[in-house]
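>>> Pasting a predicted model and its sequence here:
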Amino acid sequence: MRRLRMSGMRLLWMPFLLLPVIAAAVPTAASAQSTARAARTAPAARSAPAAKARPLQPGMSGTSVKALQRRLAALKYYPGSIDGQFGTDTLEAVWAFEEVQGLPAHDYVTSAMQWALAHPRAPRQFVPHGGANRIEVSLSREVLVLYHNGQVQLISHVSTGGHYYYCSPGGGCGYAVTPTGNFRTVVFMPGWVTVPLGEMYNPVFFIGTAFAIHGDTYVPLAPVSHGCVRIPMDIAAFFHKLVHIPGEPVYIR
């Protein structure tokens with residue numbers, strides 16, 4: 001009987017013993033539900049935006065520059081050595097590419113140029129039946145295209161007549177204009193050649209010994225020559241080896 005009474009007493013005590021445990025558990029569950037609700041309603045944390053890559057430009061180096069040089073060379077522009085160094089040669093090739101694609105010329109690789117490198121268009125031909133080997137110069141685009149066996153062999157940025165008024169030290173005045181028309185190479189003179197209006201490097205003359213395609217240390221985007229067709233020095237070093245002299249057709253439009 002005592003055992004029964006003791007068991008009965010324990011049963012009576014049990015609810016009182018469980019009350020503190022239940023009371024402690026209720027706030028904990030409520031806290032957990034509140035935390036979960038807050039997690040669902042809180043705005044998602046924003047990740048920091050990725051740093052925007054700098055456009056390729058002179059002075060930069062690395063694999064991206066080397067890839068640019070390889071692409072330009074494959075399209076027959078001359079970026080200089082494929083060395084991953086963005087120097088003057090590469091910049092002049094960038095200018096020539098932009099000129100052919102009809103893009104505004106910049107001193108860096110724009111996003112529009114990046115797209116055009118993947119979807120390039122060929123240079124516009126002025127005289128498609130002018131001969132398998134020929135030179136075409138665009139005064140509006142300031143670009144020269146050399147064809148060999150009917151295929152583009154070289155594309156170069158140029159600077160032509162600036163249309164300013166000048167007077168020659170040897171006498172006579174006039175406007176700096178590059179003549180348009182159909183011509184042929186006449187003679188090549190190696191090295192620096194002194195003429196009344198200054199000096200030319202490795203000139204390939206197409207009108208007597210007055211107008212030539214020649215190298216110069218200053219070949220800006222703007223037309224600034226007295227009337228000749230200036231090409232970059234690095235290209236002038238080998239240009240005469242790519243053309244027939246005399247006799248290669250030269251078309252200037």
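Great, that's in hand.
>>> Apart from its neighbours in sequence, what residue is nearest the spatially most central residue of the chain?
Of all residues in the chain, the one closest to the mean position by C-alpha atoms, centre = their mean is Val109, 3.1 Å from it. The shortest distance from Val109 to any non-neighbouring residue, by C-beta to C-beta, 6 or more residues apart in numbering, is to Leu56 (4.2 Å). For glycine as for every other residue, the C-beta is placed from the backbone atoms N, C-alpha and C.
>>> need the contact list for the residue nearest to the centre of the chain.
55-57, 68, 94 (C-beta atoms under 8 Å, 6 or more residues apart in numbering).
>>> and it, what helix or strand is that in?
Using DSSP states H and E, Val109 maps to neither a helix nor a strand.
>>> Which pLDDT value goes with it?
Model confidence at Val109, given as pLDDT, is 98.
>>> Against Met60, how distant is it?
Distance from Val109 to Met60, counting by C-beta to C-beta, to the nearest Å: 10 Å.
>>> who's Ile207 bridged to?
When bridges are called by DSSP bridges, Ile207 pairs up with Phe211.
>>> residues contacting it?
Taking C-beta under 8 Å, 6+ apart, we find Ile207 in contact with 179, 183, 186.
>>> just Ile245 next, same as before
Counting by C-beta under 8 Å, 6+ apart, Ile245 touches 185-188, 204.
>>> again, only this time at 10 Å
With contacts defined as C-beta atoms under 10 Å, 6 or more residues apart in numbering, the neighbours of Ile245 are 184-188, 204-206.
>>> which SS class is Lys241?
Secondary structure assignment for Lys241 (DSSP: H, G, I helix; E, B strand; the rest coil): helix.
>>> Please report the number of neighbouring residues for it.
9 (other C-beta atoms under 10 Å).
>>> Equivalent analysis for Tyr164, please.
11.
>>> One more: Pro203?
Count around Pro203 with other C-beta under 10 Å applied: 27.
>>> and if you look at the one 10 residues further on?
Ile213 is flanked by 29 other residues according to other C-beta under 10 Å.
>>> Check the gap between it and Phe239 for me.
7 Å.
>>> And Ala118, by the same measure?
Counting by C-beta to C-beta - Ala118 and Phe239 are separated by 29 Å.
>>> chain center to stretch 64-76, what's the gap?
With C-alpha atoms, centre = their mean, to the nearest Å as the basis, stretch 64-76 stands 9 Å off its chain's centre.
>>> Show me the helices in the stretch 1-150 of the chain, by range?
For the stretch 1-150 of the chain, the helices defined by DSSP state H, counting those that start in this stretch cover 2-41, 63-74, 88-101, 111-118.
>>> Can you tell me which of those has the worst average pLDDT?
helix 2-41 (a mean of 42).
>>> in the stretch 151-253 of the chain, what spans have low per-residue confidence?
Along the stretch 151-253 of the chain, the model assigns pLDDT under 70 to no residue.
>>> Please, where are all the helices along it?
233-242.
>>> show me where it has strands.
151-157, 165-167, 173-175, 181-184, 187-188, 192-195, 198-207, 211-216, 229-232, 249-252 (DSSP state E, counting those that start in this stretch).
>>> how about the ones you listed in JSON lines, adding distance to Gly102?
Shown next, in JSON lines, are the strands of the stretch 151-253 of the chain (distance: least, C-beta to C-beta, whole Å):
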{"stretch": "strand 151-157", "distance to Gly102": "14"}
{"stretch": "strand 165-167", "distance to Gly102": "30"}
{"stretch": "strand 173-175", "distance to Gly102": "27"}
{"stretch": "strand 181-184", "distance to Gly102": "24"}
{"stretch": "strand 187-188", "distance to Gly102": "32"}
{"stretch": "strand 192-195", "distance to Gly102": "34"}
{"stretch": "strand 198-207", "distance to Gly102": "26"}
{"stretch": "strand 211-216", "distance to Gly102": "23"}
{"stretch": "strand 229-232", "distance to Gly102": "20"}
{"stretch": "strand 249-252", "distance to Gly102": "19"}
